[in-house]
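> Could you work out the structure for the sequence below:
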Amino acid sequence: MWQKLQARLEQRKAQDLLRQRLTLEGAQSVRIRAEGREYLNFSSNDYLGLANHPKLIEAMQKTAKQYGVGSGASHLIIGHSEQHHALEEELAEFLGVERALLFSTGYMANYAVLTCLPDKNDLIIQDKLNHASLIDGGMASPAKMLRYAHADLESFERQMKQPAESRLVVTDGVFSMDGDIAPLPKLVTSCKKHKASLMVDDAHGFGVLGEQGKGSLEHVDLAQQTADIYMATFGKALGGFGAFVAGSELLIESLIQFGRSYIYTTAMPAAVAAANRAGLKLIQQEAWRREQLHKNIVYFRRLASEYHIPLMPSETAIQPVLIGRNDKTLAISRTLKEAGILLVAIRPPTVPENSARLRVTLTAEHTTDDIDYLLEQLALHIKQAKHNAERGNG
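Presented below is the predicted three-dimensional model:
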């Protein structure tokens, strides 16, 4: 086994696919410290700048003094505190649904839904670019899983015609590596026609999209209830940690009774739940954060067009710069790092072959000066990489 693992690692290294961790030396922010140096950060999902907000820190510290650090057990034993319960109730009220249920991670939330709700006679239909946790949950499900070409409604309709007792359509609200938004209105119409259920993973839309920050459904003028199952996370726009599933009483009670990744895991600490509650309040009280983020997105795309930087179509905080080759993408990322910019290269298998990219993530805390410097350096180093490649071919 160890010899085979060594060979796999060496193969990844040869293909410029070996992943490496960066160890931070301080709080998450637009400017971070790592390896003894400060960097301008364009790789964080802290879209609204709440991860280091004083109110979240205060809520966590205050609650830790009352409840301690560990929750001690799973929710169904003695790990479910008043803080957890209040957060679930506040989420349900904010979204206008019957109930919400907390999970320790988004991966566990998606896994619970897809492994415990459908049975062997059912069909799960997923967008091909859905998050890995959705794909893994579908593969582990007793139901049959089919995938349709990304946002391709013809491909989607073909899969919907496959026989099954019931169908569950699963899509990201905002696709994490492309930044585009799912064609939700058309998916909803088709689900109604075929009497299928719809699940939306809105990890990158919740708190960011919509007038009130309710996410991708609100963004496209759909009622929250048009998604039978709604999942989102706290670790992005809300600046906290964990995830939740929201929907009907029947949905939530079924997950409590049958969701193995809910039943058999320790609850998130009460102090983390309190910080998530503070983040939920802030997205409702400080709409200016979403407005500033939108201004930054518009400014970035306009300036990138002037620099002729190859952006992918996205109206969200995720703005991928498609490069293609792994080695070229890594080289640009390294030269940007030397220039004081942290912009991580995203490569297969996270994205399809030959679609390696620099995944720019914008936040409400970035200034126009920050964006100016990023695009100036991006344009310079993309041009330099192209020149080096042409010289090498010559």
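> ok, and the closest non-adjacent residue to Y39?
L342 (4.1 Å; CB to CB, 6 or more residues apart in numbering). Bear in mind the C-beta positions are built from the backbone N, C-alpha and C, glycine included.
> Give me the nearest residue to K328, chain neighbours excluded.
A385 (5.3 Å).
> per-residue confidence at that neighbour?
pLDDT for A385: 74.
> Compute the number of surrounding residues for it.
18 (other CB atoms under 10 Å).
> Tell me the buried residues in the helix or strand where it lies?
Under the criterion of DSSP states H and E, A385 resides in helix 368-393. For helix 368-393, burial by neighbour count (16 or more other CB atoms under 10 Å) applies to 370-371, 374-375, 377-379, 381-382, 385.
> Same question for stretch 291-300.
292-294, 296-297, 299-300.
> ok, the residue nearest to Y39 - contacts?
Neighbouring residues of L342 by CB atoms under 8 Å, 6 or more residues apart in numbering: 22, 32, 34, 39-43, 336.
> V174 now?
180-182, 202-205, 208-209, 216, 316, 318.
> Run a quick neighbour tally on G70.
When neighbours are defined as other CB under 10 Å, G70 has 12 of them.
> Adjust the sequence numbering to begin at 677 for everything that follows.
Got it, first residue is 677 now, which makes that one G746.
> what pLDDT, on average, does stretch 1035-1052 get?
Here stretch 1035-1052 scores 97 as its mean pLDDT.
> Tell me which stretches of the protein form helices.
678-690, 730-743, 758-771, 782-792, 808-816, 829-836, 860-870, 892-895, 925-934, 936-939, 946-961, 964-982, 1002-1014, 1044-1069 (DSSP state H).
> and G886, how many neighbours?
Neighbours of G886 under the rule other CB under 10 Å: 20.
> can you list contacts of stretch 931-942?
By CB under 8 Å, 6+ apart, the list of residues contacting stretch 931-942 reads 746-752, 755, 777, 779-780, 784-785, 787-789, 791-793, 921.
> Equivalent analysis for stretch 988-996, please.
So stretch 988-996 is contacted by 723, 850-857, 880-881, 884-885, 969, 973, 976-977, 980, 987, 997-998, 1022, 1033-1039 (CB under 8 Å, 6+ apart).
> May I have the beta-bridge partners of the closest residue to N1030 other than its chain neighbours?
Nearest non-adjacent residue to N1030, counting by CB to CB, 6+ apart: G1000, 5.6 Å away. For G1000, the beta-bridge partners under DSSP bridges are A1032.
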